[in-house]
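Chemist: I would like the atomic coordinates for the input below:
(chains A and B)
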Amino acid sequence: MADVLAVAEVTDGALKSVSREVVSAARGIADVLGCAVEAAVCAGSEEVGGVAEGLAALAAQGADRVAGIEAAGWEPGRVDVSAAALAGHIRGRGHAVVVFAATGPGRDLAPRVAAKLGRPLLTDVTGVEVDGGEIVATRPVFAGKALARVRVKGTPALLSIRPNVFAVEDSPREVVSDVVSADAAERPDGYRVRGFEASEGAALDVSEAEIVVSGGRGMQDPSNWHVLADLRDALGETAALGASRAVVDAGWRPHAEQVGQTGKTVTPKLYFAMAISGAIQHLAGMRTSGVIVAVNRDADAPIFGVADYGIVGDVFQVAPRLAEAIRELRGD
Amino acid sequence: MNITVCVKRVPDTEARIRISSGGADIERDGVKYVLSPYDEFAVEAALQLVEGAGGGQAAAGPAPLAGGAGTAAGDGRVTLVSFGPEATKESLRAGLALGAHRAVLLRGEPGMDGWATARVLASELEGGDADLVLFGIKAVDDDQQQVGPMVAELLGRPCATSVAAIDVDGGVATCRRAVEGGQEVVELDLPAVVTVTKGRYEPRYASLRGIMMAKRKPLVEKEAPAVEAGLVVERLDLPPARPEGRIVGEGAEAVPELVRLLREEAKVL
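Modeler: As a prediction, the model looks like this:
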């Protein structure tokens, strides 16, 4: 039986935690199909040895084999090279199923690989099962206003999973770590990475954060955002800031933070909606969060309709007290 | 410079979604449709690039009010291409009113399978004279976020996704990609494919003159080629209702109880 491939993610040489979710999802599929899981990622000749060693940690989630795919011409950001090498690797090994992460880099990479293989791709999957040997997956559509159950015809079945949805399961095994080379020549020319400019604030993307602190128009002014930033800091490294469409449209916050149908659909374990009234397109983007907390002065705000816990009150009173209480709890 | 923008007609983001009686589609009656919001950014990018004959200058300030003469100036041409039902013509006319020069409707029903959609679009784009093919980063209905890079592979052109700003100079498009933690700058040799996200481009409004002129601009209609889909939607469901929440209290005094509930009941702190 052909393997299930889990496409891992590595940034600056470090394995990204979403990779464990990808391997767990792949393990679940492989257990039904009765096959092995391979975890792989592309890297350049210099890095690939270290990358392959780092991947070995994925044995804890059930990877039977890990492979650093050595691709000529690879450097950070070269999604075109990664896609060509990965497609070559999948063709060579004949995987039955390929699982990506629906992160920023994963969304960039997966469609290119799918097109090279001439296969459809199901993205942002939140549930997956095997039915009659075929992948049948659930994914949100209309930013979560509905859920589609979709069957993938033919092989390999390619899918990407939404971060923070699939549990990281322990399923340890002996792992074989390997470096393989793949031909990365089959790609369009003319793609060059010229540089990276870091933006201010945390690097953690709102769609990958475990905790999101979002602000809306009720924050009154962009200069008030330090209140939410302080709450985020109190919540720790896994927290990120989000924003409603209204405040992004007003230019108060960057679009990268926007949660909703014209922004990002998020599924954190804990979502704080601070001074957000709850427009339908915002609710669509965050209603699959684990626990939702809303703070709003208006007791009739639609956000309270989806919140697990609500406080009716002034965000400028509540947020600082909340940050303080969380710091006390964590013993800072 | 010639630019083709691929656009999709989708339900308005404010629309309530209901499931049709068949259970595998949405109820389409009574739903207001719009051009997918990200496609509006792509159309604006195309108009600015063609008007500015190189990009940077025209893009520096706010978008010109009301779309000027209703047609982008300069030598270049902006073409809109859409795969969709007959009613998509309405959205294409709206795009022509903003200043695009011509439009092509590939009549058909796009489904969940973006690879099928990519093949339909590529059949129209192959052999075309577009220096740039632009897409919105995603359509806000299926939200698969894949058709742009798939079309690029089919055309054998380099592709940058999630691009907030494009500058074209001497056969090279410099793209600022909005990525985790910042912006990545990528250069593409033209011809190329780019998917556009919110950033530099503020969609303009159509002028009355633009709307009048749009009626006379060419809008070509043809049947989309038949392409087999490899993804089959078996069922659509509304998301499960969230369990009834509760108001913990009023004001900052309610914070200790909220923290206790988050810790002991929800176990998320």
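Chemist: the host helix or strand of A:Ala284 and chain B, any residue contact?
Modeler: Using DSSP states H and E, A:Ala284 sits in helix A:280-286. Yes. On the criterion C-beta under 8 Å from any C-beta of the partner chain, helix A:280-286 is in touch with chain B at A:Ile280, A:Gln281. Yep, even glycine has a C-beta here, placed from its N, CA and C like the rest.
Chemist: tell me the helix or strand right after that helix.
Modeler: strand A:291-296.
Chemist: what is the rounded mean pLDDT of that next one?
Modeler: Mean per-residue pLDDT for strand A:291-296: 98.
Chemist: low-confidence ranges, the chain, go.
Modeler: All of this refers to chain A. Along chain A, the model assigns pLDDT under 70 to residues A:1, A:201-203, A:332.
Chemist: wait, chain B was what I had in mind.
Modeler: In chain B (pLDDT under 70), the answer is B:53-74.
Chemist: for it, which segments count as strands?
Modeler: B:2-7, B:9-11, B:33-35, B:77-84, B:102-107, B:132-136, B:159-169, B:172-179, B:182-189, B:192-196, B:219-223, B:231-237, B:246-250 (DSSP state E).
Chemist: could I get those as TSV with mean neighbour count and distance to chain A?
Modeler: Supplementary listing: the strands of chain B in TSV, determined by neighbours: other C-beta atoms under 10 Å in any protein chain shown; distance: least, C-beta to the nearest C-beta, whole Å:
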stretch	mean neighbour count	distance to chain A
strand B:2-7	26	14
strand B:9-11	23	7
strand B:33-35	20	11
strand B:77-84	25	16
strand B:102-107	21	19
strand B:132-136	28	10
strand B:159-169	24	5
strand B:172-179	22	5
strand B:182-189	21	3
strand B:192-196	29	7
strand B:219-223	13	22
strand B:231-237	17	4
strand B:246-250	16	5
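Chemist: apart from its neighbours in sequence, what residue is nearest A:Gln287?
Modeler: Quick fix: residue A:287 is Arg, not Gln. Sequence neighbours aside, A:Val306 is the residue nearest to A:Arg287 in space, at 5.3 Å (criterion: C-beta to C-beta, 6 or more residues apart in numbering or on different chains).
Chemist: is that neighbour in contact with B:Glu244, as I believe?
Modeler: No. Using C-beta atoms under 8 Å, A:Val306 is not in contact with B:Glu244; the gap is 10.4 Å.
Chemist: these two - which one has more neighbours?
Modeler: A:Val306 (20 against 7; other C-beta atoms under 10 Å in any protein chain shown).
Chemist: quick revisit: just the residues contacting the helix holding A:Ala284, thanks.
Modeler: With contact meaning C-beta atoms under 8 Å, 6 or more residues apart in numbering or on different chains, helix A:280-286 is reached by A:142-145, A:212, A:214, A:216, A:242, A:244-245, A:259-266, A:271, A:273, A:276, A:292, A:302-303, A:306, B:13-14, B:16.
Chemist: what separates that helix from the chain centre, distance-wise?
Modeler: Averaged C-alpha coordinates place helix A:280-286 at 18 Å from its chain's average position (C-alpha atoms, centre = their mean, to the nearest Å).
Chemist: among the contacts of helix A:280-286, name the ones in strands.
Modeler: A:Val212, A:Ser214, A:Gly242, A:Tyr271, A:Ala273, A:Ile292.
Chemist: emit the PyMOL select command for whichever of these are buried.
Modeler: Buried residues among the ones in strands among the contacts of helix A:280-286 (16 or more other C-beta atoms under 10 Å in any protein chain shown), as a PyMOL selection:
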select buried, chain A and resi 212+214+242+271+273+292
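Chemist: farthest-separated two in the ones in strands among the contacts of helix A:280-286?
Modeler: For the ones in strands among the contacts of helix A:280-286, the maximum inter-member distance is 12.0 Å, found between A:Gly242 and A:Ile292 (C-beta to C-beta).
Chemist: and for the two, which residues touch both?
Modeler: Joint contacts of A:Gly242 and A:Ile292 (C-beta under 8 Å, 6+ apart) are A:Tyr271, A:Met286.
Chemist: still on that earlier bit, I'd like the ones in strands among the contacts of helix A:280-286 as a markdown table, with distance to A:Asp183 appended.
Modeler: Formatted as a markdown table, those follow (distance: C-beta to C-beta, whole Å):
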| residue | distance to A:Asp183 |
| --- | --- |
| A:Val212 | 41 |
| A:Ser214 | 45 |
| A:Gly242 | 41 |
| A:Tyr271 | 44 |
| A:Ala273 | 49 |
| A:Ile292 | 48 |
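Chemist: export the ones in strands among the contacts of helix A:280-286 to TSV and tack on distance to chain B?
Modeler: Output for the ones in strands among the contacts of helix A:280-286, formatted as TSV (distance: C-beta to the nearest C-beta, whole Å):
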residue	distance to chain B
A:Val212	12
A:Ser214	16
A:Gly242	14
A:Tyr271	10
A:Ala273	11
A:Ile292	7
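Chemist: separation between A:Ala157 and A:Val165?
Modeler: As judged by C-beta to C-beta, to the nearest Å, A:Ala157 and A:Val165 stand 18 Å apart.
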